[in-house]
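Novice: Sequence and computational prediction follow.
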Amino acid sequence: MLRCPKCRCPMERHEAVGHYGAKFTLFQCPECSGIWVDSKLVAAITRESALEVEADVEFEEISTEPREGAAFCPRCEINLMEQTGGGMPKGLRIDYCSGCHGFWFDKGELMIYKSYLEKKRQKFSKSEEEKRRRKKRLDRARRAGEVEVALFEGEHSGMDVARGLISILRFLG
C-alpha cells in the first residue's frame, strides 16, 4: 500500500490509458488529490488521461507555492526533491524521487504538465512540417530555375517553352 507523500494516508489505485491504448496504474490521494506516477509511466500518460484523472480540479485549487515541510517517496520513503525550471512550465513545482525516479504531482499539476508537453510537441511538429514545406519549395524552385535556364539556351519547341512556363507558374502560385 502506497501512502501519500503529503497526507500520509493510503492512496487509491486508478487505471489510466496511455499512448496507443496501453493501460497502467496511477495512485491518487483521496484527501489532497495528488498523484503518484512511477518513473517509467510518466512519459506514457496522455494529456487526455491526465485531464480525465483530474477532471474535478478547479483552477483556483492549484497551488504553485513551494511545499511546506518534507514529502517522502511512497516507494522508497526518502525525501522528495522539488523540480522546477528546465523543461517545465514556469511556476510549476513537481516532486521527484532520486531513488526510484517516480514523480509526485500535487492537485492539478499533472494536467498542467501534460498540457505543456503537448503544446511543445505541437510546436515542434509545426516547425518540422514548415521545414519540409520550405525544402519542397526550394526543390521546386531549383527545378523551375533549371527549366528556366534551359528555356533560354538553344532551340526549343513550343511545347518545351510551355512546360517550362507552367512549372515556373506552379512554383510562384
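Specialist: Thanks, I have it.

Novice: any idea what sits nearest the residue nearest the centre of the chain, other than its immediate chain neighbours?
Specialist: Centroid-nearest residue in the chain, with CA atoms, centre = their mean: residue 117, separated by 2.6 Å. Excluding the flanking residues, the one nearest residue 117 by CB to CB, 6 or more residues apart in numbering is residue 47, at 7.5 Å. No exception for glycine: its C-beta is placed from N, CA and C like everyone else's.

Novice: Tell me, how many residues neighbour that neighbour?
Specialist: Using other CB atoms under 10 Å, residue 47 has 17 other residues around it.

Novice: do the same with the one 5 residues further on
Specialist: For residue 52, the tally of surrounding residues (other CB under 10 Å) stands at 13.

Novice: tell me which element it is part of?
Specialist: helix 47-53 (DSSP states H and E).

Novice: Check what contacts that helix and list those residues.
Specialist: Residues outside helix 47-53 that contact it (CB atoms under 8 Å, 6 or more residues apart in numbering): 14, 16-18, 26, 28, 35, 110-111, 113-115, 117-118.

Novice: Pick the one among these closest to residue 166.
Specialist: residue 118 (42.3 Å; CB to CB).

Novice: residues touching that closest one, list them.
Specialist: residue 47.

Novice: start the count at 41, not 1, going forward
Specialist: Yep, numbering from 41; the last one is residue 158 now.

Novice: Now name the helix or strand holding it.
Specialist: Judged by DSSP H and E, residue 158 forms part of helix 149-191.

Novice: where's the helix or strand that the helix holding residue 92 is followed by relative to the chain centroid, distance-wise?
Specialist: Next in sequence after helix 87-93, counting helices and strands by DSSP H and E, comes strand 121-123. Taking CA atoms, centre = their mean, to the nearest Å, one finds the center of strand 121-123 at 20 Å from the center of the full chain.

Novice: just stretch 121-133 next, same as before
Specialist: Worked out by CA atoms, centre = their mean, stretch 121-133 lies 15 Å from the chain centre.

Novice: what pairs with residue 67 across the strands?
Specialist: residue 53, residue 76 (DSSP bridges).

Novice: just residue 63 next, same as before
Specialist: Here residue 63, judged by DSSP bridges, has bridge partners residue 57.

Novice: Can you get me a residue count around it?
Specialist: 10.

Novice: pretty sure it is in contact with residue 81, am I right?
Specialist: No. With contact defined as CB atoms under 8 Å, residue 63 does not reach residue 81; the gap is 10.5 Å.

Novice: Need the overlap of contacts for the two.
Specialist: Counting by CB under 8 Å, 6+ apart, nothing touches both residue 63 and residue 81.

Novice: Map the structural domains onto the sequence of the protein.
Specialist: 52-160, 168-212 (automatic domain parsing).
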